[in-house]
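**Student:** need the 3D shape of this:
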Amino acid sequence: MQENTFLSPFQPARQVKILAVGSGSFLLSLVTALFESGLSKFDVLLTDSAAAHRQRLAECVEQARAAHPEASAKEIDFPKNAESPWREAVRPYDAVLFVSQKSRIEELQVLHAACREEKKAFLPAIRAGQVGLAGPLVHPDSKGCWESSWRRIHQCALIKDAHSHTFSSEAGALLANVIAFDLAKSVTGAAKPELKDQIFCLDLRTLEGSYYSFIPHPLITGHLPIKQIQDLHEQIGRSMGRNVSNGLFSFFNGLTSAVSGIFHTWEEGELGQLPLFQCLVQPVDPLSDGPADLLPEMTCAGLTHGEARREAGLSGIEAYVSRLATRALTTPASNQSSDYHKIGSQEHVGIGAGETIDEAVCRGLQQWLEEDLTRQVSAGWKPSVIPVRLGEMEDERCRYYLQALTEMQGTPVIGLGEERFGFPVIWVGANGCWYGCAGLNTTWALRLSLQRALLRAQNESTCLIAQGVEAPSVHLEEKASSSLVIPSGERSAQAEILQLSLQALKRNRKRLLTLDMAMEPFLREGMGGVVGVLVREEDAL
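**Tutor:** Sure thing, here's the model as predicted:
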């Protein structure tokens, strides 16, 4: 075992023992890069012990000694007969580097696990599909590890086209330099390592590469506990009067990366921006084993560019957390909590995200109502709808949506559906389809129904729309049309709407169960609340 002497002026007091693992030209590039980085002594473990590799390794050492006589790269044997051979192999060292150009993911995972168990630093560089990946640099106390990075990398970032790209010696040399010099930065303290909580992704065809940060994955590190929100009224009271800022936009932007982000996309793309401003969002699937698959792309809208982007960001967070909740709420560990009753297999949880807790709960309840209505329609239920005449319409958004929809597809039919748990349901018939929504009040219900109809008319496609329900037909009741007044939705604060919603539930002998669903630290840092909402009978809570 070699004790490393650093050639850097930032030489630390102690000697660091390094093991380089790999084979072929990639390992030779790593050996050369380590010498060039100032790390003069280390051991080598060949995963392919061909005689030619040993000869070339010896030549690399001789060349390094011409400039630095103390340079040494001693080969060690793999302890095949040990009970845990990789743990036995890495035990004497402080840091382990691993290189492979053959996508040996399983071998990497075993070595990574051995380093974690033995509390050794670990830094890999591998080929993965059509790219080369370097990092992350994993220290014994690191929150972000290789398994987290592998689950965060998007599958589509590894396979970009149908062509096969050769792993060239230039690609191996580039990746070897990245990890060798990053390790040197770490052990000498000369600079902050680039690969701490980051990966380097190299395009094998163009040899262009960039660093990408990633967030530790909850299925590797464990998610924060899900607890019932016991003091909802107090939290709502504290949030009243809070100024809404533009901080969400920088938060969403920080989550967006086509390689390793929570959002693969959060942008306007090729969407038309009239009569509604639109924004696309596509979160990753947090339940992927790695690399990460993508959830369906969603289209969100608003009266302004900012509104559309904000709605897309919140909807993206809700879709991501909803997917994570499908596992978290059904595992024994979650359901043993004394904070809330077991979530039944037929129950659904509405996930709401917001800049304030009241916004999050309102959105969560809205999601719950929409899912309830969607389940009915999906089961073949044909809604009964009473046509209405729109009387005084004070809400500016509803007026704009209705005017735009009328210009595009003619005057729509507006109708009242059966109330759901005390909440109004409004249906909009346009162009041979019906768009419905159960809203927290009449204005919200009409807004969302009109918005969904308008989005469908504007895009003329089957794009996934984040809000509302569609039905091919309804049962129009032959009753005299009544007049429906639509008050302005801007007059009521979220907290007031929520209080009225709780009263409506109480009149219908229902109660709200709210859960803190901010299961990852980044959700608590960037959001006012991420909440799970269930509606139950009063005696069920």
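**Student:** let me see the ranges of the helices in the stretch 201-350 of the chain.
**Tutor:** Here the stretch 201-350 of the chain has its helices, by DSSP state H, counting those that start in this stretch, at 218-221, 232-239, 247-255, 305-328, 332-335.
**Student:** who wins for proximity to Phe522 among these?
**Tutor:** When the helices of the stretch 201-350 of the chain are compared by Cβ to Cβ, helix 247-255 sits nearest Phe522, at 7.6 Å. Heads up, the C-betas are built off the backbone N, CA and C, glycines and all.
**Student:** in the closest one, what counts as buried?
**Tutor:** Residues of helix 247-255 classed as buried by neighbour count (16 or more other Cβ atoms under 10 Å): 248, 251-252, 255.
**Student:** which elements pack onto that helix?
**Tutor:** In terms of contacts (3 or more Cβ pairs under 8 Å, 6 or more residues apart in numbering; DSSP states H and E), helix 247-255 is packed against strand 263-267, helix 305-328, helix 521-526.
**Student:** again, only using 7 Å
**Tutor:** strand 263-267, helix 305-328 (3 or more Cβ pairs under 7 Å, 6 or more residues apart in numbering; DSSP states H and E).
**Student:** now the ones you listed in a markdown table, with mean pLDDT?
**Tutor:** As requested, these are exported to a markdown table (pLDDT from 0 to 100):
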| stretch | mean pLDDT |
| --- | --- |
| strand 263-267 | 97 |
| helix 305-328 | 95 |
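**Student:** now the ones you listed in JSON lines, with distance to Pro193 and mean neighbour count?
**Tutor:** Below are these laid out as JSON lines (distance: least, Cβ to Cβ, whole Å; neighbours: other Cβ atoms under 10 Å):
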{"stretch": "strand 263-267", "distance to Pro193": "26", "mean neighbour count": "21"}
{"stretch": "helix 305-328", "distance to Pro193": "29", "mean neighbour count": "22"}
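**Student:** wait, which of the ones you listed is closest to Ala113?
**Tutor:** So among these, helix 305-328 is nearest, using Cβ to Cβ, at 22.2 Å.
**Student:** and the angle from that closest one to strand 263-267?
**Tutor:** Here helix 305-328 points in a direction 160 degrees away from that of strand 263-267 (axes from the mean of the first three to the mean of the last three Cα atoms, to 10 degrees).
**Student:** who are the packing partners of helix 305-328?
**Tutor:** For helix 305-328, the packing partners by 3+ Cβ pairs under 7 Å, 6+ apart are helix 247-255, strand 263-267, strand 277-283, strand 298-302, strand 350-354, strand 529-537.
**Student:** what angle do that helix and strand 529-537 make?
**Tutor:** Using the same axes, to 10 degrees: helix 305-328 against strand 529-537 is 60 degrees.
**Student:** got the contact list for helix 305-328?
**Tutor:** 218, 223, 226, 248-249, 252, 262-263, 266, 277-281, 283, 285-287, 295, 298, 300-302, 334, 349, 351-354, 363, 367, 466, 517, 519, 527, 530, 532 (Cβ atoms under 7 Å, 6 or more residues apart in numbering).
**Student:** can you check stretch 155-167 too?
**Tutor:** 101, 127-131, 201, 204-205, 258-259, 291-294.
**Student:** 10 Å instead, please
**Tutor:** Contacts to stretch 155-167, defined as Cβ atoms under 10 Å, 6 or more residues apart in numbering, come from residues 24-26, 100-103, 126-133, 171, 175, 201, 203-206, 212, 257-260, 264, 284-285, 288, 290-294.
**Student:** now that stretch, how far from the centre of its chain.
**Tutor:** Relative to its chain's centre, stretch 155-167 lies at 22 Å (Cα atoms, centre = their mean, to the nearest Å).
**Student:** do the same with stretch 209-217
**Tutor:** Worked out by Cα atoms, centre = their mean, stretch 209-217 lies 12 Å from the chain centre.
**Student:** could you dump stretch 176-196 to PDB, C-alpha only?
**Tutor:** Provided in PDB are the C-alpha atoms of stretch 176-196 (Å, rounded to 0.1, in the frame of the first residue of the first chain):
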ATOM      1  CA  ALA A 176      -9.800  10.700 -16.000                       C
ATOM      2  CA  ASN A 177      -8.500  14.200 -15.800                       C
ATOM      3  CA  VAL A 178     -11.800  15.400 -14.300                       C
ATOM      4  CA  ILE A 179     -11.800  12.900 -11.400                       C
ATOM      5  CA  ALA A 180      -8.000  13.000 -10.800                       C
ATOM      6  CA  PHE A 181      -7.800  16.800 -10.500                       C
ATOM      7  CA  ASP A 182     -11.000  16.900  -8.500                       C
ATOM      8  CA  LEU A 183      -9.600  14.400  -6.000                       C
ATOM      9  CA  ALA A 184      -6.500  16.500  -5.800                       C
ATOM     10  CA  LYS A 185      -8.500  19.600  -5.000                       C
ATOM     11  CA  SER A 186     -10.300  17.600  -2.200                       C
ATOM     12  CA  VAL A 187      -7.300  16.100  -0.500                       C
ATOM     13  CA  THR A 188      -5.000  19.200  -0.700                       C
ATOM     14  CA  GLY A 189      -7.700  21.800   0.000                       C
ATOM     15  CA  ALA A 190      -6.400  23.800  -2.900                       C
ATOM     16  CA  ALA A 191      -9.900  24.500  -4.200                       C
ATOM     17  CA  LYS A 192     -13.500  23.400  -3.800                       C
ATOM     18  CA  PRO A 193     -14.100  20.100  -5.600                       C
ATOM     19  CA  GLU A 194     -16.400  20.500  -8.600                       C
ATOM     20  CA  LEU A 195     -17.800  17.100  -8.200                       C
ATOM     21  CA  LYS A 196     -19.200  17.600  -4.700                       C
END
